[in-house]
Structure formats: structure tokens, C-alpha cells
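Novice: based on what follows, work out the 3D shape:
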Amino acid sequence: MIVDNWLRRVTVETCALVLALAAAAAILGGMPGGVGALAGGALALVNFRWLASLAAATTAARRAPGAAWLAMAGLRFAVCAAACAALFLSGAAHPVALLAGFTALPCVLVARGLAAAREEG
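Specialist: Reported below is the predicted structural model:
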């Protein structure tokens, strides 16, 4: 239950940050800037939620991660790389804006970790 609430909170805060970032990127870089920031944030969140579901399934099974877990981790990265390549090659997203969108999730994760440390300490 605690993990679900934490995942929900991280997702909501990341979405809010990505929307603000996309608005600024659209003003500065036009449509490719806004699309890039939105796509980067969406890819980061999908990748993160996919990883969280794999981790939850592995811990629920109470066994060590095996070849299937490794294959799924590789598939996550392949899907993310393919989506980035498609966005770059089509010219729909600006590379800097895409990177900025990707960085929203780590910023929220660090902020959540610091807030949790402050609450416990």
C-alpha cells in the first residue's frame, strides 16, 4: 500500500513538472520543444512504471530475478531507444527538450527521497 501511494505521488508530481517544462519548452522551442519535453517525460514515466511492475512481480514471487527479468529489462531499454530514435528521425521532438523531459523523473525521485529522509530523521 505504501509503495502504491509513493508510485502514485511520484507519477503525479512528475506529470505536473513535465507539463510545466513542456509549456516552457514550447514557448522557447516551438512545437518540437513542447513535443520533446512531453515525450521525454512520458517515456521516463512509462519506463519507470514498467520497472516498478517488474520489481513488484519479482518480489511477490519471492525468487531471484532470472533470465526472463533480464530479457524484460533489455526490452524496456530497446523500446525506449526505438521511441527516441523515431522522435529524432521524424524531427517531431527537439533533442534537448526530450532530454529535459527525461530529467523530470530523477528530480522528483530525489525530492521525494529527501522529503522521506526529513520525515524519518
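
Novice: any chance you could map the helices in this structure?
Specialist: Counting by DSSP state H, the chain has helices at residues 2-61, 67-90, 95-120.

Novice: mean pLDDT and mean neighbour count for those helices - can I get that in JSON lines?
Specialist: In short, each C-beta sits where N, CA and C put it, glycine included. Supplementary listing: the helices of the chain in JSON lines, determined by pLDDT from 0 to 100; neighbours: other Cβ atoms under 10 Å:
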{"stretch": "helix 2-61", "mean pLDDT": "92", "mean neighbour count": "17"}
{"stretch": "helix 67-90", "mean pLDDT": "90", "mean neighbour count": "13"}
{"stretch": "helix 95-120", "mean pLDDT": "93", "mean neighbour count": "16"}
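
Novice: and residue 15, what is it in contact with?
Specialist: If you count contacts by Cβ atoms under 8 Å, 6 or more residues apart in numbering, residue 15 has them with 41, 45.

Novice: swap in 10 Å and give it another go.
Specialist: For residue 15, the contact set (Cβ atoms under 10 Å, 6 or more residues apart in numbering) comprises 41-42, 45, 104, 108.

Novice: touching, residue 104 and residue 25? I think so.
Specialist: No: using Cβ atoms under 10 Å, residue 104 and residue 25 do not qualify as a contacting pair, with a distance of 11.2 Å.

Novice: list the residues that contact both of those two?
Specialist: Going by Cβ under 10 Å, 6+ apart, residues that sit against residue 104 and also against residue 25 are 18, 37, 40.

Novice: how about the nearest residue to the residue nearest to the spatial centre of the chain, chain neighbours excluded?
Specialist: Computing the C-alpha centroid of the chain and ranking residues by Cα atoms, centre = their mean puts residue 44 first, at 2.0 Å. Computed as Cβ to Cβ, 6 or more residues apart in numbering, the closest residue to residue 44 that is not its neighbour in sequence is residue 105, at 4.1 Å.
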